[in-house]
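Visitor: when you get a sec, could you give me coordinates for this:
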Amino acid sequence: MDRLSAMQAFVRVVEAGTFTKAADSLDLPKATVTRLIQTLETHLRTKLLNRTTRRVTVTPDGAAYYERAMRLLSDLEELEGSMNQARVTPRGRIRIDVPGVVGREMIIPHLPDFYARYPDIQIELGVSDRTVDLISDNIDCVIRGGELTDQSLVARRISELRFITCATPEYIRRHGKPMHPRDLGDTPHRMVGYFSARTGKVMGDTFLRGEEKVEIVGNHILAVNDASAYLQAGLAHLGVMQLTCFMAGPLLRSGELVRVLEDWDAEPIPVYVVYPPNRHLSSKLRVFVDWVVELIGREVMGGLKMRCGESGE
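Guide: Next up is the predicted model:
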């Protein structure tokens with residue numbers, strides 16, 4: 001029996017929750033994964049998994065074996081990394097998931113710089129605003145904005161996103177310019193709504209002015225769950241928007257958008273890199289994370305004045 005392959009297969013089945021997902025992530029036939037687990041259980045003389053038609057659960061012995069197997073596999077990967085060129089020139093595949101706007105507007109345009117540094121790393125980049133399961137989807141890390149709700153994950157805060165409130169000149173011609181955030185809760189004004197893909201709930205917007213704080217769910221005729229769709233809805237004159245500075249900056253300079261409620265600030269949101277628990281941070285993932293931290297810090301903070309300052313409006 002190839003105990004290493006069997007151990008790797010067992011760990012992936014536990015993390016993915018099904019033999020099918022585990023086989024897909026390992027690029028193996030499902031029958032091969034099943035045979036590896038059966039052989040491992042026979043070798044250990046204990047049942048590691050309980051199987052049903054819908055899901056696989058871990059037995060008490062399986063849970064104990066999983067913890068030890070994870071540590072052994074992580075140690076092995078670290079050992080191999082220290083003994084070959086991958087420590088100097090990281091290589092291999094990583095799976096990353098990022099919000100749509102961050103992926104399209106920030107990360108993808110700068111990837112040539114990353115590949116100039118690390119040409120042997122292959123990235124599988126999920127770009128969407130949906131919530132993913134890092135464990136079952138076998139994702140190495142995600143970039144997420146907002147406060148985190150899953151305390152089992154490991155998170156590193158890397159920056160924050162700043163927002164401004166804006167609308168098209170045509171919207172203002174039709175509806176006038178709002179003078180206070182509460183105007184956006186009543187006709188004739190409206191906002192473009194944004195709803196959570198996870199809960200379906202339309203999210204509110206927060207406005208700050210000195211010590212004053214106003215939270216509203218704006219009057220809306222359209223709500224979307226994707227940042228690009230949100231922007232396009234605003235450009236179609238369907239409502240006022242709160243846009244990130246790096247999205248709004250070029251449109252403010254071109255005159256396609258104008259700022260409204262200038263004396264009010266939108267509440268910034270923190271940005272995190274998030275890892276699954278017990279997941280070894282390999283050299284290839286570490287250099288990607290360090291590059292993302294550098295990139296977002298430069299784009300969000302270093303370019304803030306240029307993109308959202310008075311000269312851009």
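
Visitor: helix or strand right after the strand or helix carrying residue 172?
Guide: Following DSSP states H and E, the helix or strand that holds residue 172 is helix 169-175. Going down the chain from helix 169-175, the next helix or strand is strand 193-194, by DSSP H and E.

Visitor: where does residue 234 land on pLDDT?
Guide: You'll see residue 234 listed with a pLDDT of 94.

Visitor: how close does it sit to residue 260?
Guide: In this structure, residue 234 and residue 260 are 11 Å apart, going by C-beta to C-beta, to the nearest Å. Any C-beta I mention is one placed from the backbone N, CA and C, and that applies to glycine too.

Visitor: what sits in contact with each of these two?
Guide: Contact with both residue 234 and residue 260 is made by residues 166, 167, 240, according to C-beta atoms under 8 Å, 6 or more residues apart in numbering.

Visitor: count of neighbours near the first one?
Guide: Read that as residue 166. For residue 166, the count of nearby residues is 24 (other C-beta atoms under 10 Å).

Visitor: isn't residue 57 right up against residue 63?
Guide: No - using C-beta atoms under 8 Å, residue 57 is not in contact with residue 63; the gap is 9.6 Å.

Visitor: what's the domain layout of this structure?
Guide: The record's domain split for the chain, according to automatic domain parsing, is 3-83, 86-159+270-312, 163-267.

Visitor: residues near residue 55, how many?
Guide: Neighbourhood size, residue 55 [other C-beta under 10 Å]: 9.

Visitor: list phi and psi for it.
Guide: Backbone torsions for residue 55, taken as degrees, to the nearest 10, come to phi -150, psi 160.

Visitor: and what of residue 160?
Guide: Torsion angles, degrees, to the nearest 10, at residue 160: phi -150, psi 150.

Visitor: same check, this time on the one 4 residues further on
Guide: Torsion angles at residue 164 (phi, psi; degrees, to the nearest 10) stand at phi -130, psi 160.

Visitor: distance of it relative to residue 268?
Guide: To residue 268, residue 164 is 11 Å away according to C-beta to C-beta.

Visitor: if we can go back for a sec, least reliable of the domains of the chain going by mean pLDDT?
Guide: With a mean of 77, domain 86-159+270-312 has the lowest mean pLDDT of those.

Visitor: I'd assumed residue 167 was in contact with residue 240.
Guide: Yes - counting by C-beta under 8 Å, residue 167 is a contact partner of residue 240 at 4.6 Å.

Visitor: who's residue 159 bridged to?
Guide: Under DSSP bridges, the beta-bridge partners of residue 159 are residue 271.

Visitor: ok, it touching residue 296?
Guide: Yes - using C-beta under 8 Å, residue 159 makes contact with residue 296 at a distance of 4.9 Å.
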